[in-house]
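**Q** Everything below, folded, please.
(3 chains)
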Amino acid sequence: MDRLDLKKLDPNFKHRVAQELGGEHIRTCYSCGVCSARCPIEKIEPEYNPRKIIRMILLGMEEELLKEAFLWHCSTCYTCQESCPQQVNFTEVIFALRNMAVRKGLAPAGMGVAQNLLCQQGRMYEVGDFENEKRLEMGLPKIKGNPEDYKKLLED
Amino acid sequence: MNSKNSKVLILGGGIAGITAALALSRLNISVNLIEKSSALGGMVRYFCCKATESCQQCGACLLNDSLQALAKEPIVGVHLKTEVTNIKMDAKEFLYYFSGPEGAGEGRAAALLLATGFNPFRAEDKPQYRYGTLPNVLTGLDLEKQLRETGSIRRPSNHILPKSIAFIQCVGSRDLHLNHTFCSQVCCGYALRMANLIKYRNPQTEITIFYMDIQTFGKDFSLFMEQTRKQIRFIRAIPGEIQNGENDQVLLTFQNDDGMPSQKKAFDLAVLSVGIMPGLDHLFLSNRLGLSLNPDGFLSTGQGRLIPPEGIFLAGTVQGPKSIARSVAQAYRATEEVIAYLKLRSVS
Amino acid sequence: MIPLQEFTKTPKVLILGNGLSAFETAWQLISLGYGVVLINPESRIIEETPFLSLGGWSVQDYLKDQRESLEKNPNFIQYTQTTLSAIEGFAGEFSAHLKSEQKDWTETVGAVVFAPELVSETQFADSHLKPNAQIITLEALTEIFSSLSQSIPFREEGVFVAFTPHSYIAFLSGLDAEGNVADMALTLSLALKIRKEYQSQVVIFCRQVKVAEEGMERLYQACRDEGVIFFKFDQAGPEIIRSNDLVTLQFVDAILEQPFELNPDLLVMDSVHSLPKEIRELALSAQIGMDESGFLQPANVHLLPQASMRTGIFIAGSGKGPMLPQTCIEEARAAALSIHHFFEGRSAEEMNREVVVDEGLCTICLTCVRYCPHQAIGWTHRIFIHPFACRRCGICAGECPMDAIQISGYSDHEVEKKLTALQERRQQVEFIQPRIVIFGCQRSAGVVWEEVQSSKFKVQMEVEFISMPCAGKMDPDYLLKALALGVSGVLVFACPEENCKSIHGNTYARERITEAKRYIEEAGLNPDRIRFEHLSSNMVWYLREVVEQFLGELKEKKAH
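**A** Sure thing, here's the model as predicted:
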């Protein structure tokens, strides 16, 4: 690995994360490793390591971090958040990071597709006539998407 | 009605209380020592000797020295199985009500020394370590007791010697989530000393310490660490949880410190180094005596302990986590302050 | 040496030091009514740093009032730029030889307190560095900030150039040797202050974050909240590279496994703390004992809290190792009590035992003088054992080649009587079992034996316990006498190494037993009939195990 100059990294990145909703406690981490030990995703994808992600934030590695696809692999199981002795609230830190990434245009392609689906159909999966017929057969009401509501929500 | 009057009332018959009682008695100051359990010694009476080829300076044996000396002291009134039910200031004296094996009564004292000790962290409050659910998960206190009684550690599941032991440090301490933002000061000491002892008695045991920061304890600490590092493995990460493995082994998942993904490893036994938490009498004493609690929840006399409030003195872990050595030193310090206080009183 | 007259205790105490520990001890002793002579090796008084952020606790006002009161008190004398060159005599009446520029003189004092401050040395040589505008020691930085808060004009303006929001301040803490909580408290307090007041970036390189004191974990958390970055290392630390005026730190972050480098705008280096040379030399010559790291008070729990090896000489404060101000105050008050005990306290029963030297047997070989761990024996035309300094361990009695020293309760005669009584009891009843005698130190084996008696350990008929004040009193004659009386085996229990109340009693006992076993073997007897073990007072299981094993072995041998 190339040697990084600490001064070239952004020491304010951690403070900006702390100003995001959910990222307030990012600085209290003392790298105990419990989050990574309990994370189910880390077991199948070792590159996704909560402790390392937090460390990257604290050291100011903004660019390297926000472009990573693994930011989107967190399953939001909340185990890390429940286990953290310093209440870092890491799941919410992931949400904060995702928001920061999107603002930089660094969201994975799938997010765009998901957003379009929501705007067009009001749902992530298309519910068509076939599905609604089946529902009526079972005595369930029809489903209609609400794309207008989602458009409003996603305006930002 | 039983009445007990003395110059000094000491609440708590652990090492700090006993040391202070002896220190006062040697100066011919009358003491009543009230202890609610059926024996003197507090927590230290459960602690083992940790000498390997030489003493590891844990201080546990100092209790027996003090008990030996106390037995010969004529002016210390020791009252076991006795509890103070109420206490207040009355005409510049402490008036207290107690209930004991001979019934209830009251007493007076000019000065009050609180040495009511601590409460060990309940390992059940960290459910991910499955203490109480899995047989081969013990606390540091369990280890002390077993070593003191039998000299060796056996796996609770099958009573054979463990071939591998994992110590998890800081259980319950340094934990913002539990509102315990303090270091318990004794866990690194007791864990490493007991690890050395187990290794000394059974050299083929593999011992691993999971830690965040190793605290300094005792004298010649650098030399101690040099020796300890040769035979015990240190991993700078705290395991996330403990699961059941084959043959009642414990499976610990942890971030290894080599940059690799987290590991799940089996051990024959896991030991949780539980910390020192505020005692059970704190609120009662705080209420009756108008004492504050410090930010960690321990009793405090305020003013950074420079000048204690009128007639009330603290000694030992009632005031905060500390080792046996420091509890003894603090008992001496409190005694000195009591004497200065009594002197001032007799003049005014 | 002192002539034989009434042994007295001069109610005056000599304190060696010039910081918080020394002054607090002085203050407490004055309040208790003693005279105090404070020997300050320098001309200044070492102040405590005012800004240690540990729970809003400040020593300053307290110390100011205390110093003022002390200076006004007629029982307090301070000699500055004075050193203590030797301490002769015994507790109660020490002759302290003092030396200043103007004169040499002797003070007679009842007790002495070593309460020195440590000297600090930064290991610049190791890293080919020297202090300049970019490199400073922790002590120097502390002084700069302290003088700021006292509005004293500071000299090192250069340092403040480094304190901008864009600059990096790097602290190296506890990397060369195991760190300590006092230095960590200073480092964290400074780091927090710099972050809050100057918004500079602060990076701390350490091995362990020392938080084992009240308020330290919260201070550590406050630093992290303010954005202080910590790099922790298991061994070594960052590599320091110097080229011209540029300092570069190269290191690997253990968590990311990523190599980094940093050119700090200010590099703060910590130091190694040690006793001042004169104090170390005095401690050695006065034989008060030191630990293996070069600090005062040997690593023996029986000296806790404030005793030294020599009765009447006490240790308080940083001389034992770097410590926080509140600990220094605790030390000082505990020391004041220990001294008060020495002067006014009722002695324990053990300390009142009579110790007699039989002039008819004593050849003034001075063996006892050399072996006494407490420097309690002196001589003029005869040996005398000082009643205040002697701790009745019996090492002298055990070593004396002429058996000229006797301690009441443990005299040779009394021990022999017990052994003979044993013999007589045995002859009255038919015994098939082997008989053993245990000699045990009363504070360890003695305690265990009492506990064992109250349980159902059924060996009363087979085992006799003879208590010793210390295993060091063990005389090989006792072993031989026991064997001569037909005892099958002898067990000797001593406290664990470095846990002897008389410092070396256990070691001397072991050496004597080993020698005795050799004689016995030469005499044609089985040396395994004698066994030496270490035992602590809370090891009941071990005594049982050893006794059962020993009895078993002896039975086997008897069967053959």
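**Q** Looking at the record's assignment, how would you partition chain B?
**A** B:2-117+B:279-347, B:121-276 (automatic domain parsing).
**Q** Count residues in the vicinity of B:Ala104, would you?
**A** 12 (other CB atoms under 10 Å in any protein chain shown). For glycine as for every other residue, the C-beta is placed from the backbone atoms N, C-alpha and C.
**Q** For C:Leu304, the count of nearby residues, please.
**A** For C:Leu304, the neighbour count with other CB under 10 Å is 20.
**Q** Show me the helices in the stretch 201-348 of chain B, by range?
**A** Assigned by DSSP state H, counting those that start in this stretch, the helices in the stretch 201-348 of chain B fall at B:221-231, B:282-289, B:324-347.
**Q** and of the ones you listed, who's closest to chain A?
**A** Comparison of these against chain A by CB to the nearest CB identifies helix B:221-231 as nearest, at 20.1 Å.
**Q** helices or strands next to that closest one in the packing?
**A** helix B:187-201 (3 or more CB pairs under 8 Å, 6 or more residues apart in numbering or on different chains; DSSP states H and E).
**Q** ok, residues contacting the helix it packs on?
**A** With CB atoms under 8 Å, 6 or more residues apart in numbering or on different chains as the test, helix B:187-201 has contacts from B:48, B:50-53, B:56, B:58, B:140, B:143-144, B:147, B:151-153, B:165, B:167, B:169-171, B:173, B:205, B:207, B:209, B:211, B:214-215, B:217-218, B:224, B:227-228, B:231-232, B:271, B:273-275, B:323, C:212.
**Q** Which members of those are classed as buried?
**A** Among those, the ones that count as buried by 16 or more other CB atoms under 10 Å in any protein chain shown are B:48, B:50-52, B:56, B:58, B:140, B:143-144, B:147, B:151, B:153, B:165, B:167, B:169-171, B:173, B:205, B:207, B:209, B:211, B:214-215, B:217-218, B:224, B:228, B:232, B:271, B:273-275, B:323, C:212.
**Q** need the residues of chain B near chain A, please.
**A** Residues of chain B lying close to chain A (CB under 8 Å from any CB of the partner chain) are B:128, B:170, B:174-178, B:212, B:236-241, B:253-255, B:260-262.
**Q** rerun at 6 Å
**A** Within chain B, the positions near chain A by CB under 6 Å from any CB of the partner chain are B:175-177, B:212, B:237-240, B:253-255, B:261-262.
**Q** could I get the residues you listed as CSV with neighbour count, distance to B:Gly41 and pLDDT?
**A** Listed next are the residues of chain B next to chain A as CSV, based on neighbours: other CB atoms under 10 Å in any protein chain shown; distance: CB to CB, whole Å; pLDDT from 0 to 100:
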residue, neighbour count, distance to B:Gly41, pLDDT
B:Asp175, 22, 29, 97
B:Leu176, 18, 34, 95
B:His177, 14, 33, 94
B:Met212, 22, 31, 97
B:Ala237, 22, 36, 95
B:Ile238, 24, 32, 97
B:Pro239, 29, 33, 97
B:Gly240, 25, 37, 96
B:Thr253, 22, 38, 97
B:Phe254, 26, 36, 97
B:Gln255, 32, 40, 94
B:Pro261, 15, 47, 87
B:Ser262, 22, 42, 91
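**Q** Just give me the neighbour total for the residue lying closest to C:Asp403 once chain neighbours are set aside.
**A** Distances taken as CB to CB, 6 or more residues apart in numbering or on different chains put C:Asp412 closest to C:Asp403, at 5.8 Å, once the chain neighbours are dropped. C:Asp412 has 17 neighbours, counted by other CB under 10 Å.
**Q** any idea how far C:Asp412 is from chain B?
**A** To chain B, C:Asp412 is 25 Å away according to CB to the nearest CB, to the nearest Å.
**Q** Let me see the backbone angles for that residue.
**A** phi -50, psi -40 (degrees, to the nearest 10).
**Q** where does chain A dip in pLDDT?
**A** Filtered on pLDDT under 70, chain A yields the residue ranges A:156.
**Q** Kindly recompute the last result at 90.
**A** A:1, A:105-132, A:142-156 (pLDDT under 90).
**Q** Helices along chain A, start to end?
**A** A:13-19, A:34-38, A:40-44, A:50-59, A:62-66, A:79-83, A:90-103, A:109-121, A:129-137, A:147-153 (DSSP state H).
**Q** That should have said the stretch 1-150 of chain B, apologies.
**A** Under DSSP H, counting those that start in this stretch, the stretch 1-150 of chain B gives helices at B:15-25, B:62-70, B:140-150.
**Q** neighbours of whichever residue of the stretch 301-450 of chain C sits closest to chain A, just the number please.
**A** With CB to the nearest CB, the shortest gap between the stretch 301-450 of chain C and chain A falls at C:Leu324, namely 21.6 Å. Using other CB under 10 Å, C:Leu324 has 23 neighbouring residues.
**Q** Could you find the closest non-adjacent residue to it?
**A** What sits nearest to C:Leu324 in space, not counting adjacent residues and going by CB to CB, 6+ apart, is C:Ala182, at 5.3 Å.
**Q** tell me the contacts of the one you found?
**A** C:Ala182 sits next to C:322-324 when contact means CB atoms under 6 Å, 6 or more residues apart in numbering or on different chains.
**Q** Now C:Phe384: closest residue in space that isn't a chain neighbour?
**A** That would be C:Gly378: by CB to CB, 6+ apart, it lies 5.8 Å from C:Phe384.
**Q** Next, the buried residues of the helix or strand hosting the one you found.
**A** Mapping C:Gly378 onto the secondary structure by DSSP states H and E places it in strand C:377-379. Buried positions in strand C:377-379, judged by neighbour count with 16+ other CB under 10 Å: C:377-378.
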